[in-house]
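1. Quick one, fold the following:
(chains A and B)
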Amino acid sequence: MNTVKTGGVQMVPIDGRLQVWTKRIGAGPPTMLTLHGGPGSTHDTSNASRIFCRPTEFSSFTMISSDRATPISPIIQPFGWSSAFVKRWNRSERRSASWGSTYMAIPGAVCSQLNTR
Amino acid sequence: MGFYLYGHSWGGMLAIEYALKYQSHLKGLIISNMTASIASYVTYVNELRRQLPAESQRILERYEANGEYTASEYEKVMFGEIYSRHLCRLAPWPEPLVRMIRHMNQKVYNTMQGPNEFVVTGTFKNWDRWGDIKSIKVPTLLSVGRFDTMSVADIERMGTLIPNARVSICEKGSHCSMYDDQERYFEDLTRFIKEVETGKFV
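-> You can find the predicted model right below:
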């Protein structure tokens, strides 16, 4: 990733169907992944002040967001990670899967693809 | 190795889910402004609603009956009497928060949450982890605002159930206490990380 060109933004593919917007600030460790509120909201609240914007107190953190995501398939609307959860939920509900497997999937996928672990 | 996972509100729900499944990957968990079940949230937010003047409550009921959630009179009560007290107490709201509301994906919100903040009929309505959070063993910071849409008593109860947890109460803050009680919020968050990093968190 060329952080100079992208300002730390990296699109992370999920399920081969969606791309989730991520922004990395600083260089770890320690690293922190921030998940914003909503559902259907944006990463903008993670813009708040000090530690989120000045990675001297933390070496790095990564925000993932629902607002700046783009679909890989042109059929799907510009959805973000909250939407990806909806899709997973709808699929897994039919399979009677647990909440856990539905909802942890995206933070997990983002962390492993960004080598945050 | 490991990382810190931070989740605000709905992100906090996800963070709890992640921790219940993969806490071995975590150095620490930060649950910001989120209780342990949707039922608890609904109970408390409706308690706050009942504290409104009777006329304001009638206005909400009137528009909700017709599903007119974007009616200006309805929004006037929501923003003027609920959100300005319990979502963010700064006036005016900071620009990123305004931007966030403007960019809100209503389709996602309606699917998962429901029509509004008081009525949760969406896909996560049955979410309840009160019985499970005791198994979260990683260092955990639970942050809540005194004027939050989440009950402070709930968050304190979570603090007693999660064995390695600390509760941070932002006395001036509401649901977005990272804005309206920034000093307390970030002081406690920073201290938490520093203590975990140096092995001093107890």
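
2. make it CA atoms for all contacts and neighbour counts henceforth
-> Noted.

3. Show me the longest helix that occurs in chain B.
-> helix B:182-197 (DSSP state H).

4. hmm, it in reach of chain A?
-> Yes: on the criterion CA under 8 Å from any CA of the partner chain, helix B:182-197 is in touch with chain A at B:182, B:186, B:190.

5. B:Tyr179 is in contact with the second one, correct?
-> This points to B:Phe186. No: if you go by CA atoms under 8 Å, B:Phe186 and B:Tyr179 don't touch, sitting 9.8 Å apart.

6. Show the pLDDT at residue 33.
-> As the question left the chain open, I've gone with chain A. A:Leu33 is assigned a pLDDT of 77 by the prediction.

7. The chain in question should be chain B.
-> 96.

8. Kindly report the same for A:Thr6.
-> The model reports A:Thr6 with a pLDDT of 64.

9. how about the nearest residue to B:Met104, chain neighbours excluded?
-> A:Ser41 (4.6 Å; CA to CA, 6 or more residues apart in numbering or on different chains).

10. Does that neighbour touch B:Lys107 like I think?
-> No: counting by CA under 8 Å, B:Lys107 is not a contact partner of A:Ser41; they are 10.7 Å apart.

11. Could you give the number of residues near the residue nearest to B:Ser151 when sequence neighbours are not counted?
-> In space, and not counting its chain neighbours, B:Ser151 is closest to B:Tyr44: 6.1 Å by CA to CA, 6+ apart. Number of residues near B:Tyr44 (other CA atoms under 10 Å in any protein chain shown) recorded here: 19.

12. Is B:Tyr44 in a helix, a strand, or coil?
-> The three-state assignment at B:Tyr44 reads helix, by DSSP: H, G, I helix; E, B strand; the rest coil.

13. That one contacts B:Val152, doesn't it?
-> No: with contact defined as CA under 8 Å, B:Tyr44 does not count as touching B:Val152 (9.8 Å).

14. Can you give me the end-to-end span of stretch B:172-186?
-> End-to-end distance of stretch B:172-186: 13 Å, with CA to CA, to the nearest Å as the criterion.

15. nope, stretch B:102-121 is what I meant
-> First-to-last distance for stretch B:102-121 - CA to CA - comes to 23 Å.

16. tell me which residues of that stretch are tucked away?
-> Of the residues in stretch B:102-121, B:103-106, B:108-115, B:118, B:120 count as buried by neighbour count, 16 or more other CA atoms under 10 Å in any protein chain shown.

17. which of the residues you listed lies closest to B:Ser174?
-> Comparing these against B:Ser174 with CA to CA picks out B:Phe118 as the nearest, at 16.6 Å.

18. how about that closest one, what does it touch?
-> By CA atoms under 8 Å, 6 or more residues apart in numbering or on different chains, the contact set of B:Phe118 is B:42, B:45-46.

19. cool, and B:Ser135?
-> The contact partners of B:Ser135, by CA under 8 Å, 6+ apart, come to B:20, B:162-163.
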